[in-house]
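Asker: let's see this in three dimensions:
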Amino acid sequence: MNKIQENKYRTIEKIGIESITRRVNERKRGSLIGFMESKSNTKYSKQVNDLMNEIEEIDKKKKLQIIENLNQINGLIQDEIIEFSKEKLLLKND
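Answerer: Predicted coordinates for the structure are as follows:
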C-alpha cells in the first residue's frame with residue numbers, strides 16, 4: 001500500500017474504533033441511567049404506595065362520613081314524614 005492509502009486505512013480504522021467505543025460508552029451510560037431509574041423507582045415506589053394507601057384511607061373516611069351524613073338526613077326526613085303524618089291524622093280527626 002502506498003502512504004496515502006495507508007493513512008486513509010488508519011483513519012477509517014481509527015474512526016471505526018472511536019465509533020464502537022462511543023457506542024459502548026453510550027450503552028454503559030444508558031444501562032447505568034436505567035439502573036438508577038429502576039433503583040429510584042423501587043426506592044420511591046414504597047412512598048408512592050404509602051401515599052396511595054393514605055388517599056384510599058382518606059377516601060374511606062370521607063365515604064363513611066358522607067354515609068353518616070346521609071343517614072342523619074334520612075333520619076330527619078323520616079322525622080318530618082312522621083310529624084306530617086301525625087298532623088294530617090289530627091286534621092282528619094277534627
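
Asker: CA atoms for contacts and neighbours, from now on please.
Answerer: Noted.

Asker: what stretches of this structure score poorly on pLDDT?
Answerer: 1, 4-5, 8-9, 11-12, 29-45, 94 (pLDDT under 70).

Asker: which stretches of it form helices?
Answerer: According to DSSP state H, the chain carries its helices in the segments 3-93.

Asker: would you check how far apart the spatially most central residue of it and residue 61 are?
Answerer: Centroid-nearest residue in the chain: residue 48, 7.3 Å away (criterion: Cα atoms, centre = their mean). For residue 48, the distance to residue 61 equals 20 Å [Cα to Cα, to the nearest Å].

Asker: and for residue 77?
Answerer: Counting by Cα to Cα - residue 77 and residue 61 are separated by 24 Å.

Asker: and residue 20, by the same measure?
Answerer: Taking Cα to Cα as the measure, residue 20 falls 59 Å from residue 61.

Asker: next one: residue 90
Answerer: In terms of Cα to Cα, residue 90 sits 43 Å off from residue 61.

Asker: ok, residue 80 next?
Answerer: From residue 80 to residue 61 the distance is 28 Å (Cα to Cα).

Asker: cool, residue 52 as well?
Answerer: Residue 52 sits 14 Å away from residue 61, going by Cα to Cα.

Asker: same thing with residue 78?
Answerer: For residue 78, the distance to residue 61 - Cα to Cα - is 25 Å.

Asker: before we move on, what about residue 87?
Answerer: Distance of residue 87 to residue 61, computed by Cα to Cα: 39 Å.

Asker: try residue 51
Answerer: 15 Å.

Asker: now do residue 17
Answerer: As judged by Cα to Cα, residue 17 and residue 61 stand 64 Å apart.
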